[in-house]
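In: okay, structure incoming, though there's no sequence with it:
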């Protein structure tokens, strides 16, 4: 199995000469074999210079497998043999006009023009605007069948997306989701970088995952430059990552409570989430962690007094959060709404390549903090939190378990001798002709960044894969045969990112 | 039931008392920057060069450089203040940032920062005590949405001011927009605005909605809402602190009118 691949670690870089250059059919076969052997397709993307790169994530071995192949204008689609490639292949077609022949549901992903000059994969004329959401949708015909269309503007303070439910009475046969409304051109803008604005844009790839995306970007730039951030800086990044997880898990468990009509936990958690956001602000001035990370280091340090103050506040907020969530899980009416709703079967989760919380809720223990540790120390002790059932309850329960673990991890990090003055950012000048991969377990799941430099040491290609890219399909699966009224609950149990997907 | 009641007692009461009292702010919060150009070394443009989003222009004050910061573009990162060894440019904890005009979002030495004014006349009479907003998220990072949403939690309780977010433009008195308006949301933003019955207000929250934020100049988006709809209130930040947003909203409906310093935050 080792034959066709270059093996590397998350946060590592390799010279491009070391990446095997296979014929496309050999790469295709190698991907199918690797996914069949339990690895996950982390990325399948073009480089804009006539090649396609495959990244396989091997969680058990803590390794990443990379290989590449020349890319013709069309090729036999991977998706029929490897379903988790389905969005990557649509993205490849949208970005570079490459048609995966035999793709079972071939439509645009983000609704934009291709990144390089050339013919459009769908034959759309150059002089016509690409309109968002204009694509085929599944339809269901028959008596008493109806369609519910929602969005792009939604009924709350929510990002935009278009949802189409095929219903029979209250029962949803199928949910299809069209995204792309948040597309800001992040990957296109990164080409020729790193630019002065690149870090700021990566922090804003998904604002609720500022640290996860920011850190993954730092990993790429540092690995390309061949520098390693110092341990105190890594500890501070790890602390910020856990605070980000605490705030989001707390907020979403509260929102799940709200969607079941259980106001106590909804109210408490809404406030406690703010307590965790304020802890991030205590470190760097921004509740989302903006400005904390920079390639080569971090911006702010923590002296002993600030660490002690933060520990006190963390303990108080943590005790309130655990108390509030216990109430949620001890309330029968809530449990009745959580259980057996929005089920994703483990076999489907594996086939679709789901990641993060949604995957752990199907009993699969992958967690990049453990499998691909980034902070220079072994990952958290013990196995990752998992649950069985793949339903709303399982996803909520995994989050509660992770919340409690994050409290311990953050407290432990606050007890370490973090630097009082910020560990100064090391100078990072990417080497030419290298490929690097960053992989950080954000609160939704693994955030993967991939950077390839050209001969000038600038980004030839920069690829961002938010966990939402893998998981939106999971939400579609979860809605099958559910009541349409259960959509908010199912949706919140995933709480996926639109902007992280749309880039 | 008794468990829930006991939990309520244990969790306590946390709604802050703004505007009567300013809740504690993080000491490292980067609020409104100040410039003392008497400290600027001759010929220096380090702050402007350090800014990745071109938010700083260097004018001339006699022979000295005079930095002018456009808070509409500013992401409130510390790049400029770190690049300024004499500390001529530094961030303060001042959270009040919202303005009524795009041009008011400028910080310069000797310039008075004009905070947002209340709506006038009939529209104030209509909405001063009840303002229903349709929130449209269009091409940002969901960061501003996070802090817009927070105002609805019990820690802030936006409803006590008669302000709430509504689920349809037909029910709304105005639009609150986050994000630089991606091309893929342009039509939806226009349609939402048209669907709101007049008179109506538009509030732009965050650097993206004001000027495109970190994505300014990208052809995939419109560099903010002002090119599409008339904006009545600009709330800068990336994202703005919830208190900055609340302060702006309360100024708009005339609940806060003073331009002077608010009561000092309590210790802690």
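Out: Yes, it's here. What you see is a predicted model, and the numbers here were worked out from it, not measured in a lab.

In: in three-state terms, label residue B:249 for me.
Out: Recorded secondary structure, residue B:249: helix (DSSP: H, G, I helix; E, B strand; the rest coil).

In: closest point of chain B to chain A, which residue?
Out: Residue nearest to chain A within chain B: residue B:143 (2.8 Å; CB to the nearest CB). Backbone N, C-alpha and C define where each C-beta goes, glycine included.

In: run a quick neighbour tally on residue B:227.
Out: By other CB atoms under 10 Å in any protein chain shown, the residues close to residue B:227 number 10.

In: any idea which element it lies in?
Out: Per DSSP states H and E: residue B:227 is located in neither a helix nor a strand.

In: same check on residue B:18?
Out: Short version: residue B:18 belongs to no helix or strand, going by DSSP H and E.

In: that one: how many residues sit nearby?
Out: If you count neighbours by other CB under 10 Å, residue B:18 ends up with 19.

In: pLDDT at it, what is it?
Out: At residue B:18, the pLDDT value in this model is 91.

In: contacts only, for it.
Out: Contacts here follow CB atoms under 8 Å, 6 or more residues apart in numbering or on different chains; on that basis residue B:18 touches B:156, B:243, B:246, B:247.

In: got phi/psi on it?
Out: phi -60, psi 140 (degrees, to the nearest 10).

In: my guess is the residue of chain B closest to chain A contacts residue A:207. True?
Out: Yes. When contacts are counted by CB atoms under 8 Å, residue B:143 is listed as touching residue A:207 (2.8 Å).

In: quick check: neighbours shared by the two?
Out: The contact sets of residue B:143 and residue A:207 overlap at A:288, B:239 (CB under 8 Å, 6+ apart).

In: now the nearest residue to residue A:262 once chain neighbours are set aside, what's its secondary structure?
Out: Closest residue in space to residue A:262, ignoring its immediate chain neighbours: residue A:334 at 5.0 Å, by CB to CB, 6 or more residues apart in numbering or on different chains. For residue A:334, the assignment made with three-state DSSP gives helix.

In: please apply the same query to residue B:59.
Out: What three-state DSSP gives for residue B:59 is strand.

In: correct me if wrong: it contacts residue B:66.
Out: Yes. Between residue B:59 and residue B:66 there is a contact at 4.4 Å, judged by CB under 8 Å.

In: which one of the two is surrounded by more residues?
Out: residue B:66 (19 against 12).

In: and the more buried one, that's in a helix?
Out: No. Judged by three-state DSSP, residue B:66 forms no part of a helix; its state is strand.

In: list the residues that contact it.
Out: Residue B:66 sits next to B:35, B:37, B:40, B:58, B:59, B:60, B:108, B:109 when contact means CB under 8 Å, 6+ apart.

In: 10 Å - rerun?
Out: In this structure, residue B:66 makes contact with B:35, B:37-38, B:40, B:57-60, B:88, B:108-111, judged by CB atoms under 10 Å, 6 or more residues apart in numbering or on different chains.

In: check residue A:440 too.
Out: By CB under 10 Å, 6+ apart, the neighbours of residue A:440 are A:10-11, A:209, A:211-219, A:237-238, A:241, A:368-369, A:372, A:374-375, A:446-449.

In: kindly report the same for residue B:190.
Out: So residue B:190 contacts B:181, B:228, B:229 (CB under 10 Å, 6+ apart).

In: hmm, which of those are the buried ones?
Out: Among those, those classed as buried by 16 or more other CB atoms under 10 Å in any protein chain shown are B:181, B:228, B:229.

In: using TSV, lay out those together with pLDDT and distance to chain A.
Out: Formatted as TSV, those follow (pLDDT from 0 to 100; distance: CB to the nearest CB, whole Å):
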residue	pLDDT	distance to chain A
B:181	97	10
B:228	95	14
B:229	96	14
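
In: any idea how many residues pack against the residue of the stretch 201-350 of chain A found nearest chain B?
Out: The nearest approach of the stretch 201-350 of chain A to chain B comes at residue A:207, 2.8 Å away (CB to the nearest CB). Neighbour count of residue A:207, defined by other CB under 10 Å: 27.

In: what's the answer for residue B:244, then?
Out: Around residue B:244 there are 24 residues (other CB under 10 Å).

In: wait, a strand at it?
Out: No. Counting by three-state DSSP, residue B:244 is not part of a strand but helix.

In: quick check: it vs residue B:161, distance?
Out: 15 Å (CB to CB, to the nearest Å).

In: now check whichever helix or strand residue B:6 is part of, is it near chain A?
Out: For residue B:6, the element it lies in under DSSP H and E is helix B:2-11. Yes. Helix B:2-11 is in contact with chain A by CB under 10 Å from any CB of the partner chain, via B:3, B:4, B:5, B:6, B:7, B:8, B:10, B:11.

In: same for that helix, what does it pack against?
Out: Helices and strands touching helix B:2-11, as assessed by 3 or more CB pairs under 10 Å, 6 or more residues apart in numbering or on different chains; DSSP states H and E, comprise helix A:263-284, helix A:304-329.

In: run a quick neighbour tally on residue B:138.
Out: Residues lying near residue B:138 (other CB under 10 Å) number 29.

In: report pLDDT for it.
Out: Residue B:138 is given a pLDDT of 95.

In: wait, the residue of the stretch 201-350 of chain A closest to chain B touches residue B:207, no?
Out: No. The criterion here is CB atoms under 10 Å, and residue A:207 misses it with residue B:207 at 11.6 Å.
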